[in-house]
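J.: Fold the following and give me the result.
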Amino acid sequence: MNFNLDTVIAFISLYGFRLIGAILIFYIGKIIARFLTNLIKKAMRKANLDETITKFGGNVIYGGLMLFIILAALSKLGINTNSFIAVLGAAGLAVGLAFQGTLSNVGAGVLLVFFRPFNVGDFINAAGESGAVEEINLFSTLLKTGDNKQIIIPNSAIIGGNITNFSKKETRRVDFVFGIGYDDDLKLAKTTLEEIINADERVLEDPAAFVAVSELADSSVNFVVRAWVKSGDYWGVKFDTIEKVKLTFDEKNISIPYPQMDVHNDK
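T.: Coordinates of the predicted model:
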């Protein structure tokens, strides 16, 4: 077989330089992609973003850059990349449709991390469930209930509804309603409630506690009691106050009415 030396040299000159160019594009592009990805991840960590989102975002950015670099290297070799782009687009659409619910959870997870309606450790109510936040990952949020159960809620269910964060504010207001009988001493009852609230060191002086008659109900005169406390003291103050009021009312012969039904038998 006879070889035309000029043809061989021309072939090597053409495709050899293209191959070298493609290799340079790939390796140099790979170095640049790693550098940019690490730079973006450092910026995300400085912004105190969740580590899960930082890693996920870094992987997505690096994968996107590498895809662009590979297409650029193939184009340098003279390969038509339009067909590759079309196939990737079709594959991306198919994957997106197949994992629509999963991807919506990922998107919701990103929103939760970026907008921070709650943090790990906060006590929240979301998607009809209440508990302390243990973890926020790409697909779900893990809550720990007061009786030590773990609840896993899809992120899309949380972002699509109301979120109540009980830990966001430093202080909370504890509301009570106490009823006394119509024959009881109204002023004594009010003074007693004020003394109980003001004697609790956990109750804040500013804003001041509030005690007032709120309703003349069917079988009782109702008082509303409102006291401001630190968020961490909320349940302790609530439970202790209810117990203290019952014991003190008993000592002072102040009755706490309960619903009654009078039955008349007319003959």
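J.: E134 contacts F118, doesn't it?
T.: No: no contact is recorded between E134 and F118 when judged using CB atoms under 8 Å, the distance being 11.5 Å. Every residue, glycine included, has its C-beta placed from N, CA and C.
J.: Who has more neighbours out of these two?
T.: Using other CB atoms under 10 Å as the criterion, E134 and F118 rank with F118 on top: 22 against 14.
J.: what about the more buried one, which SS state?
T.: coil (DSSP: H, G, I helix; E, B strand; the rest coil).
J.: Please identify the buried residues of the longest helix seen in the chain?
T.: Criterion DSSP state H: the longest helix present in the chain is helix 17-46. By neighbour count with 16 or more other CB atoms under 10 Å, helix 17-46 contains the buried residues 18, 22, 25-26, 29-30, 33, 37, 41, 44.
J.: L19 and L39: what is the separation?
T.: Here L19 is placed at a distance of 30 Å from L39 (CB to CB, to the nearest Å).
J.: Hmm, I typed the wrong one, I wanted T241.
T.: When distances are taken as CB to CB, T241 and L39 turn out to be 55 Å apart.
J.: Each with direction, which strands does the strand or helix carrying S130 pair with?
T.: Using DSSP states H and E, S130 sits within strand 129-136. Paired with strand 129-136 in the same sheet, following DSSP bridges, are strand 123-126 (antiparallel), strand 140-144 (antiparallel).
J.: can you list contacts of the shortest one?
T.: Read it as strand 123-126. If you take CB atoms under 8 Å, 6 or more residues apart in numbering as the criterion, strand 123-126 is touched by 118, 130-133, 141, 143, 153, 157-158, 161-167.
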